[in-house]
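J.: sequence? don't have it. structure:
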């Protein structure tokens, strides 16, 4: 089942087009990476999904039904810019957030106890938010997002401002929720974490779709492979090979970017003719590379305009 | 409208009702009243004057004997309030004797002295000198006694019976009973107390609208500056959030007013008996509140104009909160609102004195002024309704709906503009956004 489907949504603010004809759909139980640089239109897209702002044109459907206000009860949203009522107690804040998702107080209390235990913050239940550390507050916010057992979870930079231990904790919780069938939209500009978690990615830049698809398909179709070679001897094969598009030579070590559908074995054979190969490694392009390549080009163009 | 609004209302209400500030603020008003009345009581009890001794130099030789028996007031201890001693002074020794009197006043042996001239009946002037001349009540007593003695002498000279005349004059005293002509007939009513009540209530309304309006603004700014808004509006419509805030804080205001009202009721009802039990003899100062007739219609009109006025102004406060990022920035937008409220308070003063002028009529129909001015006119005209009272209810409701609609448009856009400085011009543009 499609948990979420957007169809050619457009949002303009004055003359500025924040989101331009974005269409994607998300299958149940997947982690969907909504990627892009700062100001690409990620937050605007999410705000339209959450019905905070309405698209100028296009449509959004949730669980197969056209969007209406109440559908957001099935969604949990952790915004990038997030905070809490500082003077309120942890439990009070969470009860309030649950009530905003139409959850009964009794059910909310049960879930609060379950989640606080899970992240080891049970002792802080009746403390004021302002007494908590930044990291603790972030974790409480995460609980506030998942408390009402949403079918769709939207996490905008969930790791921002967290130490590695807590990053790991949130990552584990994401995986656990995914295994239980929760669909997750994971919005970030940190490609390393997206690469590890996402089943599908949607790369957006300046409001326009750049790349969209299954992560491994994207990598394959991107067609860019890298090789790392450690060698002793003549390095002229790097220049001679028509399989190599670009390289970075360190003398005894080189990184080379290959042409599309390059024959890596041919390169290895040619290299072996002139040098002693100590290491030969074929790398798939990282999401990071794909991001820099596609967004970087678009953005330098933009700067030249 | 969804059930979620109740969650917002409940949060806005309880997080504030439980704060020390609110509890103290609620108790301070009655405490203030108790302090004022208790203070008057204590001052009266502690600072009771002791017997005051005067020397009387009666050069006319016909006043003292009658004068000294006139003032028989006693102190709480039962002692006489005044003690008089006649001093015979030869004219040539006058100056030195006076000096001696002055010395005795300085040494607190006596309080003061009076010099009655030989021709008192004609000149009608008496010299009074004392340690302090600020006690008007005392001077009035002395003046009254002297006047009585002198007028008695004058009447007797004409062969008239002074006591008889005085009695007749007393019998001829007329009391004016003020009546207000209303549509329902004539009603006996005291002029001063209804003015006083109106001023006090209008002042309370003015303060409450300002304090609670600012509370709405702060609440919006807190959500903005703490980056809470986005999480909330992903679950509830901005309009509902704004509405819930206004209703929750308004409910808090009504709570406080109700507590004030109940306390005032008990002070008015039981204040006097308790004071008397505590030994107060003079409870005149309680008369002010005793004579206030706080009728049910006045109370209902008060609540109505407070609620509608509060909603009207707090919608404005909410949009200010949405435009700015910090409380300091918010303060810059406050003066216009405070000036409007102050202005309506001053207009109320004028309108209360002459509730039926054209100016009062029109001023009370301008939405910014209606709550205070129309309430003032309603309160002094009670139980009749001033012209335009019913009309003002409709104009006020309509303009409040309009203001809420405009404010919600600004609010909706503003709350998501974190960290951006917005000009008023830009904010007005938001109204046109779809």
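T.: That came through, no problem. All values derive from a computational prediction rather than experimental measurement. Numbers count the residues shown, from 1 in each chain, chains lettered A, B, ... in the order given.
J.: Flag the shaky bits of the stretch 51-200 of chain B, pLDDT-wise.
T.: B:76-77, B:178, B:180-194 (pLDDT under 70).
J.: Please, where are all the strands along the chain?
T.: Went with chain A since none was named. Secondary structure of chain A, counting by DSSP state E: strands at A:2-13, A:16-27, A:31-35, A:57-62, A:65-66, A:75-78, A:152-156, A:183-188, A:200-205, A:208-214, A:226-233, A:244-249, A:253-258, A:275-283.
J.: wait, I meant chain B there
T.: B:52-58, B:82-86, B:112-116, B:127-130, B:179-182, B:185-188.
J.: Now residue A:201: closest residue in space that isn't a chain neighbour?
T.: Spatial nearest neighbour of residue A:201, chain neighbours left out: residue A:33 (4.0 Å); criterion: Cβ to Cβ, 6 or more residues apart in numbering or on different chains. C-betas here are computed from N, CA, C, even on glycine.
J.: So what sits opposite that neighbour in the bridge?
T.: residue A:186, residue A:201 (DSSP bridges).
J.: How many residues are close by residue B:171?
T.: 7 (other Cβ atoms under 10 Å in any protein chain shown).
J.: That should have said residue A:43, apologies.
T.: Neighbour count of residue A:43, defined by other Cβ under 10 Å: 23.
J.: How about residue B:156?
T.: So residue B:156, with other Cβ under 10 Å, has 11 neighbours.
J.: Equivalent analysis for residue A:106, please.
T.: Around residue A:106 there are 7 residues (other Cβ under 10 Å).
J.: what pLDDT does it get?
T.: At residue A:106, the model reports a pLDDT of 93.
J.: Also the one 10 residues further on?
T.: The per-residue pLDDT reported for residue A:116 equals 95.
J.: who touches it in this structure?
T.: A:90, A:122, A:124-125, A:143 (Cβ atoms under 8 Å, 6 or more residues apart in numbering or on different chains).
J.: swap in residue A:106?
T.: Going by Cβ under 8 Å, 6+ apart, the list of residues near residue A:106 is empty.
J.: distance of it from chain B?
T.: The gap separating residue A:106 from chain B is 15 Å, by Cβ to the nearest Cβ, to the nearest Å.
J.: wait, what's in contact with residue A:185?
T.: Contacts of residue A:185 (Cβ under 8 Å, 6+ apart): A:4, A:26, A:32, A:34, A:46, A:49, A:152-155.
J.: Tell me how many other residues crowd the closest residue to residue A:286 other than its chain neighbours.
T.: Excluding the flanking residues, the one nearest residue A:286 by Cβ to Cβ, 6+ apart is residue A:195, at 6.5 Å. The number of residues packed around residue A:195, counting by other Cβ under 10 Å, is 18.
J.: Same question for the one 5 residues further on.
T.: Burial of residue A:200, expressed as a neighbour count using other Cβ under 10 Å, amounts to 19.
J.: One more: residue B:407?
T.: Residue B:407: 25 neighbours (other Cβ under 10 Å).
J.: Surely it and residue B:242 touch.
T.: Yes: with contacts counted by Cβ atoms under 8 Å, residue B:407 reaches residue B:242, the gap being 7.1 Å.
J.: Mutual contacts of those two, please.
T.: B:315, B:318.
J.: The closest residue to residue B:11 other than its chain neighbours: neighbour count?
T.: The shortest distance from residue B:11 to any non-neighbouring residue, by Cβ to Cβ, 6+ apart, is to residue A:96 (5.1 Å). Per other Cβ under 10 Å, the neighbour tally for residue A:96 reads 20.
J.: List the buried residues of the longest helix along chain B.
T.: Secondary structure of chain B per DSSP state H: the longest helix is helix B:238-277. Neighbour-count burial for helix B:238-277 flags B:238-253, B:256-257, B:260, B:263-264, B:267-268, B:271-272, B:275 (criterion: 16 or more other Cβ atoms under 10 Å in any protein chain shown).
J.: ok, now stretch B:386-402?
T.: B:386-389, B:392-393, B:395-396, B:399-400.
J.: from those residues, which is closest to residue A:163?
T.: residue B:400 (50.0 Å; Cβ to Cβ).
J.: Show the pLDDT at the spatially closest residue to residue A:160 that is not a sequence neighbour.
T.: Spatial nearest neighbour of residue A:160, excluding adjacent residues (Cβ to Cβ, 6+ apart): residue A:80 at 6.7 Å. With respect to pLDDT, residue A:80 scores 89.
J.: again, but for residue A:209
T.: 91.
J.: which ones are touching it?
T.: A:21-24, A:202-203 are the contacts of residue A:209 under Cβ under 8 Å, 6+ apart.
J.: Report the separation between it and chain B.
T.: 24 Å.
J.: cool, and residue A:292?
T.: Counting by Cβ to the nearest Cβ, the gap from residue A:292 to chain B is 28 Å.
J.: and that residue, how far is that from residue A:210?
T.: Separation of residue A:292 from residue A:210 (Cβ to Cβ, to the nearest Å): 12 Å.
J.: mind listing what the nearest residue to residue A:144 once chain neighbours are set aside touches?
T.: Among residues not flanking residue A:144 along the chain, residue A:97 sits closest, at 4.2 Å (Cβ to Cβ, 6+ apart). By Cβ under 8 Å, 6+ apart, the contact list for residue A:97 reads A:144, A:147, B:231, B:235.
J.: In this structure the last one contacts residue B:4, no?
T.: Put plainly, it is residue B:235. Yes: here residue B:235 reaches residue B:4: they are 6.7 Å apart, a contact under Cβ under 8 Å.
J.: Neighbour count: those two, which is higher?
T.: The neighbour count for residue B:235 versus residue B:4, taken as other Cβ under 10 Å, is higher for residue B:235 (27 against 22).
J.: quick one: low-confidence ranges for the stretch 301-434 of chain B?
T.: Those would be B:382, B:419, B:434, if you go by pLDDT under 70 across the stretch 301-434 of chain B.
J.: mind checking pLDDT for residue B:207?
T.: 90.
J.: What is the neighbour count of it?
T.: 12.
J.: again with the one 3 residues further on
T.: The local packing of residue B:210 (other Cβ under 10 Å) involves 18 other residues.
J.: One more: residue A:100?
T.: Residues near residue A:100, counting by other Cβ under 10 Å: 27.
J.: gap between the residue lying closest to it once chain neighbours are set aside and residue B:412?
T.: Distances taken as Cβ to Cβ, 6+ apart put residue B:235 closest to residue A:100, at 3.9 Å, once the chain neighbours are dropped. Noted for residue B:235: a distance of 15 Å to residue B:412, by Cβ to Cβ.
J.: Quick one: residues contacting residue 8.
T.: Here I'm looking at chain A. Here residue A:8 is in contact with A:21-23, A:57-59 (Cβ under 8 Å, 6+ apart).
J.: could you do chain B instead?
T.: A:100, B:232, B:236, B:240-241, B:244-245, B:248.
J.: and which of those residues is nearest to residue A:246?
T.: For those, the nearest to residue A:246 is residue B:232 (49.5 Å; Cβ to Cβ).
J.: so what's the residue nearest to the closest one when sequence neighbours are not counted up against?
T.: Distances taken as Cβ to Cβ, 6+ apart place residue B:241 nearest to residue B:232, at 5.9 Å, with adjacent residues excluded. Neighbouring residues of residue B:241 by Cβ under 8 Å, 6+ apart: B:8, B:232-233.
J.: Contact residues of the stretch 201-350 of chain B facing chain A?
T.: Selection of the stretch 201-350 of chain B residues close to chain A by Cβ under 8 Å from any Cβ of the partner chain yields B:222, B:226-228, B:230-237.
J.: Relative to residue B:110, how far out is the nearest residue to residue B:50 once chain neighbours are set aside?
T.: Spatially, and ignoring its direct neighbours in sequence, residue B:50 is nearest to residue B:75 (7.4 Å; Cβ to Cβ, 6+ apart). Distance, residue B:75 to residue B:110, using Cβ to Cβ: 17 Å.
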